[in-house]
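Predicted structure and sequence below. I'll ask about it afterward.
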There are 2 protein chains.
Amino acid sequence: MNEVGRSRPAGTLLTSVDITPDELQLAVRNHSMPLEALRYDITPVGLHYLLIHFDIPMVDASTYELSVGGHVRNRLQLSLDALMARPSATLAVTLECAGNGRARLQPRPMSQPWLSEAVGTAEWTGTPLAPILKDADVRDGARDVVFTGLDRGVQGGVDQHYERSLSIADAMRDEVLLAYAINGRPLPPQHGFPLRLIVPGWYGMTHVKWLRSITVIDRPFAGYQQARAYHRRTSDGDSGVPVARILPRALMVPPGVPDFMSRTRFLEPATHLIEGRAWSGRAPIVSVDFSSDGGVSWATAKLQDPVSTFGWRGWTLPWDATRAGEYELCARAIDAAGNAQPLDQSWNLEGVENNAVQRVRVVVGAAIDQQTPADLL
Amino acid sequence: MNEVGRSRPAGTLLTSVDITPDELQLAVRNHSMPLEALRYDITPVGLHYLLIHFDIPMVDASTYELSVGGHVRNRLQLSLDALMARPSATLAVTLECAGNGRARLQPRPMSQPWLSEAVGTAEWTGTPLAPILKDADVRDGARDVVFTGLDRGVQGGVDQHYERSLSIADAMRDEVLLAYAINGRPLPPQHGFPLRLIVPGWYGMTHVKWLRSITVIDRPFAGYQQARAYHRRTSDGDSGVPVARILPRALMVPPGVPDFMSRTRFLEPATHLIEGRAWSGRAPIVSVDFSSDGGVSWATAKLQDPVSTFGWRGWTLPWDATRAGEYELCARAIDAAGNAQPLDQSWNLEGVENNAVQRVRVVVGAAIDQQTPADLL
């Protein structure tokens, strides 16, 4: 099927370090957030990470309607205007892909080959979901709320619309939004125009884009993306634990300047201010540590206020890099529930929930040929 | 240097099909345009392709100034307000990376591993460059105009700001802009905020982002990105031909729905309307051909008007896909100067100017398990 005839289905494991043509096809479509964009409280559109399973649907907003139905007494059909006429809320929310870090696993699960940067923080504006479910008047015995996207494709041998569910209790949480705007502008196509689900604190697979319907059901939702995909399991026989809330992570802006190809960082000998962000979907971040010796010794970073209840918080630390040499810089976060980032990543079959400490190789004081800019010649 | 200890410098050639960790680092930072976005006349921000050599600089617009100097009688310092107070123009321009298609070459040059989608068409608003050069009063003997970016990094062993040049004649062309807006909004950081060069018809490396200065010089510019990189050469000894204007290319929206991992397309047996875009920076597109048998036989597509003088033009063609089976769909464009896309790509050392015909594998009438959406159960 693949153009070079070497297709490996999602779920296959590879022990090679190199990335297959199939993974490359995903990597050129989807993108992570360049780490220098950690400098922004709110990630500009186009820098926020994106993971799109199938194709981006092209939706006509003038005829768009959201259906709310299933195990309810009062089915609803809501136009975009009707949704926008309802009470609105704006929340800054840090989103991260459940597979962030996957390409660092050995053996490597075949799927989107993320390194460490599948994250972003946007200001989402929308209308709270709970009052809509109240208007729909959920019947007794309701169990799950299914969110169906307009996007369709084949995954795991199943032709499907992208669908995920929440329990009634999770769906009724105050902070769950049906969002029609990002950073003060209508959603662009790639973020789910005209409407997507936002579930603060949860990994990205939950935030269904291009939402066409909400269906209340009286049994556990058994769809592919809910019952088969997005589980932490260590073998095929393992029923696994569903992926839900985001584990803590800290990332630094890699200091200095990069080499184009290796992305190795070069710095002048000096004291450098290291800056970054940290977040957790499980509890507030209480501590960020920094190491310049590969994780042997750690120093405590200074924390800034979080950008919001569900958004990341900044951290800074001056690093004395006056001695030339090679260093491995590390960052790790701990949240108030005691969740901490591991030094070494435990492995799982789908490559989800990877939050090992970030490692950035830097070279201080390297002798490199200089090209004087034309305006300084 | 590389985190898995297998770094290969840019310029290295690899005969493996798989992608190295270094290439993956570039692939997760930069992104191409998902092909379904060919449906938009103007590519939404966030879907337009991006190639960023070093890091995205964070620029304070309130203190930003563009310097214009060198071999001129009248040096200029222009604030963003001063640039925006000058006459403005808006042009829809198709931009494509010179390395588009690189990852399909064998052996594969080590650099950004593009497949076929490193393209986009945006509406750029800015002020024409020629009147600024006139105000600066270029001296006799001027030869090149150097554009220096604020972005800095190491490439080919050279610590450099990103810099490219144009001849005086090319720099004075009416359509060359200093752009401060895209699609009616200020440039986002990743597209060169607050100011970038736009040179319609030329490959992307010419359109210097985060422009800090324009320097007129009286000799050929010898900077890395001009004299060493971006040449079509077949061996190390070959002095090569500089990359300049975009070769013709047609791309189709892959029809049907994709498999998540292999991106193989599945279609129902029916007549499908195939749609796409075609462009050339050398002359207007005069013809687009479509093949459903891997390039053995061709049919002529119907052309739409170009979106602008420097923008792509749409094309459509109904494809009779009523017979189940596997097909290789191809598209190719020809421009008014007689430039045509080759069936097989000739090879070059840097992997630039690749414009072989697009090939899309599709399966018509496959039997696939269906997951009925929750709202239809």
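Received the coordinates, thanks.

Do I have it right that A:L76 meets A:D137?
No. Contact criterion CB atoms under 8 Å: A:L76 and A:D137 do not qualify, at 9.7 Å. Quick note: C-beta positions are derived from backbone N, CA and C, even for glycine.

With neighbour numbers in mind, choose between these two.
A:L76 (17 against 12; other CB atoms under 10 Å in any protein chain shown).

quick one: contacts for the more buried one?
A:66-69, A:132, A:135-136 (CB atoms under 8 Å, 6 or more residues apart in numbering or on different chains).

Same check on A:T20?
Going by CB under 8 Å, 6+ apart, the list of residues near A:T20 reads A:6, A:8, A:14, A:110, B:17-19.

go on, A:V158?
Residues in contact with A:V158, defined by CB under 8 Å, 6+ apart, are A:224, B:368-371.

In a markdown table, list those along with distance to A:V288, pLDDT and neighbour count.
As requested, the contacts of A:V158 are exported to a markdown table (distance: CB to CB, whole Å; pLDDT from 0 to 100; neighbours: other CB atoms under 10 Å in any protein chain shown):
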| residue | distance to A:V288 | pLDDT | neighbour count |
| --- | --- | --- | --- |
| A:Y224 | 37 | 98 | 21 |
| B:I368 | 47 | 95 | 14 |
| B:D369 | 46 | 95 | 11 |
| B:Q370 | 47 | 96 | 10 |
| B:Q371 | 42 | 97 | 20 |
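
Enumerate the beta-bridge partners assigned to the residue nearest the centre of chain A.
By CA atoms, centre = their mean, chain A has its centre lying nearest to A:E96, at 1.7 Å. Using DSSP bridges, the bridge partners assigned to A:E96 are A:V119.

residues in contact with it?
By CB under 8 Å, 6+ apart, the contact set of A:E96 is A:49, A:118-119, A:203-204, A:246, A:249, A:279, A:281.

ok, those vs B:V363, which is closest?
A:G204 (29.1 Å; CB to CB).

neighbours around that closest one, how many?
A:G204 has 21 neighbours, counted by other CB under 10 Å.

what's near enough to touch it?
By CB under 8 Å, 6+ apart, the contact set of A:G204 is A:49, A:51, A:95-98, A:118.

In the residues you listed, find the pair that's most separated.
Spanning the widest gap among the contacts of A:G204 are A:Y49 and A:A98, at 11.6 Å by CB to CB.

Make TSV from the contacts of A:V158 and add secondary structure and distance to A:Y180 to it.
Below are these laid out as TSV (DSSP: H, G, I helix; E, B strand; the rest coil; distance: CB to CB, whole Å):
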residue	secondary structure	distance to A:Y180
A:Y224	helix	27
B:I368	coil	33
B:D369	strand	33
B:Q370	strand	30
B:Q371	coil	27
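
with the residues you listed in mind, which one is nearest to B:A270?
The closest of those, once distances to B:A270 are taken by CB to CB, is B:I368, at 15.9 Å.

Now name the helix or strand holding the closest residue to the closest one other than its chain neighbours.
Excluding the flanking residues, the one nearest B:I368 by CB to CB, 6 or more residues apart in numbering or on different chains is A:D159, at 4.4 Å. Using DSSP states H and E, A:D159 sits in strand A:158-167.

Quick one: name whatever helix or strand follows that strand.
Sequence order places helix A:168-171 as the next helix or strand after strand A:158-167, per DSSP H and E.

anything in that next one sitting right up against chain B?
No. Figure legend: helix A:168-171 not in contact with chain B (CB under 8 Å from any CB of the partner chain); closest approach 13.4 Å.

what's that helix packed up against?
Contacts defined by 3 or more CB pairs under 8 Å, 6 or more residues apart in numbering or on different chains; DSSP states H and E place helix A:168-171 against helix A:129-136, strand A:144-155.

rerun that using 10 Å as the cut-off
helix A:129-136, strand A:144-155, strand A:211-217 (3 or more CB pairs under 10 Å, 6 or more residues apart in numbering or on different chains; DSSP states H and E).

Break down chain A into its helices, ranges please.
Using DSSP state H, the helices of chain A run over A:21-29, A:80-85, A:129-136, A:168-171.
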